[in-house]
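S.K.: Below are the sequence and a predicted model for it; my questions follow.
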Amino acid sequence: MSEPIKTLPLVMEEPRGRRKPPRHLADLDEAGRKDLLTEMGLPGFRAKQLSNHYFGRLVHDPAEMTDLPAGQRAELVSALLPDLMTPIREQTADKGTTVKTLWRLFDGALVESVLMRYKDRATICISSQAGCGMACPFCATGAGGLQRNMSTAEIVHQVVVGARAMASGEVAGGPGRLSNVVFMGMGEPLANYKAVLGAVRRLTDPAPAGLGLSARHVTVSTVGLVPRIRQLADEGIPVTLALSLHAPDDELRNELVPINTRFSVAETVEAAYHYFATTGRRVSIEYALMRGINDQAWRADLLAEVLSADGRGTGWVHVNPIPLNAVPGSRFTRSREEDMDEFMRRLNERGISTTMRDTRGSDIDAACGQLAASAD
Ligand code: SAH
């Protein structure tokens, strides 16, 4: 009996990262979209029409854009509305109010986004990189390393599709509005600065230039890339900054958030304070509570001290303790209730406001630190 002949794919896949994601109208500002069409010999005003569909009506399927002239349709679509990414799996939790989507990007890279509907708002948690290079040992995304940066349009598209799902009533609870965006999915947003900033602009520009979300309802979360925090402060867009601190001392933070060996706790907190001083936006501090690792009462005291040092006071900051979410193979476990309570009590006692982060979607691996984007 002969071996079955293996068929070779006709087109060999290029190595990842060699080709660029398709160019899409969400990559460009209004002038850029118009210029592009004009250069292609197409009428510039079509750019506004397409933008209206995409950002205003939240339509992204060209088949639904019935006002496009048949003769120019294919060219317009390939210029500004190429297929960007495909949703390959959707999982729901919390009675349909949490929806996690697994996306396949044009080159096969996988990312995830999570929509969370609450009584008074709906938030989408989006990815900015496929994988992540920051290597925090308690986070599932970090374990796989960085595959590549996402483009502005790939980042924005997660939000547009989420906004459409809310508007159309696909998400449990009936039609509603997507109000908040958090860059807390896969990746380190400030390590993909240019694309992320473009995305922030598209999200906050009024339609049809962008989605018209309020900048204060957009949160950029970072491990603490100090020069980038300072740069973001100077952009003049008052987004909320979240800093993943997780430890108040360099010895422990060097281990939990390895970038700390480049930028110390003191430098990082100072940059976060600078963000507040420049933008007037209160900074959120993320602190995943890990049993016996960073949840000691003395560390709560030290955290309060570090945040209010150098005469900064406590009004500039808000701490979000997060009960650690389970990550396969991790040696880290969640703190005990009583230790979490004591940790918060000590911060509050020292004048620091706190809100315990909820753990939406943990049963579908959609909670903080659980996004690994595997297709199996
Ligand atoms: N890279 C950015 C954006 C990711 S945000 C950043 O680190 O801020 C995801 C948040 O979830 C971060 O605060 C991260 O530290 C936290 N996180 C990671 N793993 C976690 C886990 N297992 N349980 C709870 N939070 C976790």
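M.R.: Arrived safely. Residues are numbered from 1 along each chain as shown.
S.K.: Near the ligand, which residues of the stretch 151-300 of the chain are found?
M.R.: Counting by Cβ under 6 Å from any ligand atom, the stretch 151-300 of the chain comes close to the ligand at 184, 188, 221-223, 244, 286, 288. No exception for glycine: its C-beta is placed from N, CA and C like everyone else's.
S.K.: which one of these is nearest residue 314?
M.R.: Distance to residue 314, by Cβ to Cβ, is smallest for residue 286 among those, at 17.1 Å.
S.K.: how near is that closest one to residue 203?
M.R.: Noted for residue 286: a distance of 21 Å to residue 203, by Cβ to Cβ, to the nearest Å.
S.K.: Show me the shaky parts of the protein.
M.R.: Within the chain, the ranges that satisfy pLDDT under 70 run 1-18, 376.
S.K.: Show me what residue of this structure gets nearest to the ligand.
M.R.: Distances between the chain and the ligand by Cβ to the nearest ligand atom are smallest at residue 369, namely 1.9 Å.
S.K.: Just give me the neighbour total for the residue nearest to that residue when sequence neighbours are not counted.
M.R.: Of all residues not flanking residue 369 in the chain, residue 139 sits nearest, at 4.3 Å (Cβ to Cβ, 6 or more residues apart in numbering). By the measure other Cβ atoms under 10 Å, the count of residues near residue 139 is 25.
S.K.: Could you do residue 277 as well?
M.R.: 11.
S.K.: What strand or helix carries residue 271?
M.R.: Using DSSP states H and E, residue 271 maps to helix 265-279.
S.K.: tell me what that helix is packed against?
M.R.: Judged by 3 or more Cβ pairs under 8 Å, 6 or more residues apart in numbering; DSSP states H and E, helix 265-279 is in contact with helix 226-233, strand 240-244, strand 283-289, helix 297-308, strand 317-323.
S.K.: Take the ones you listed and write them to TSV, including distance to residue 147 and mean neighbour count.
M.R.: Shown next, in TSV, are the helices and strands packed on helix 265-279 (distance: least, Cβ to Cβ, whole Å; neighbours: other Cβ atoms under 10 Å):
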stretch	distance to residue 147	mean neighbour count
helix 226-233	20	18
strand 240-244	21	23
strand 283-289	24	23
helix 297-308	33	19
strand 317-323	25	20
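S.K.: what would the ones you listed look like in a markdown table with distance to residue 364?
M.R.: Formatted as a markdown table, the helices and strands packed on helix 265-279 follow (distance: least, Cβ to Cβ, whole Å):
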| stretch | distance to residue 364 |
| --- | --- |
| helix 226-233 | 31 |
| strand 240-244 | 22 |
| strand 283-289 | 19 |
| helix 297-308 | 31 |
| strand 317-323 | 17 |
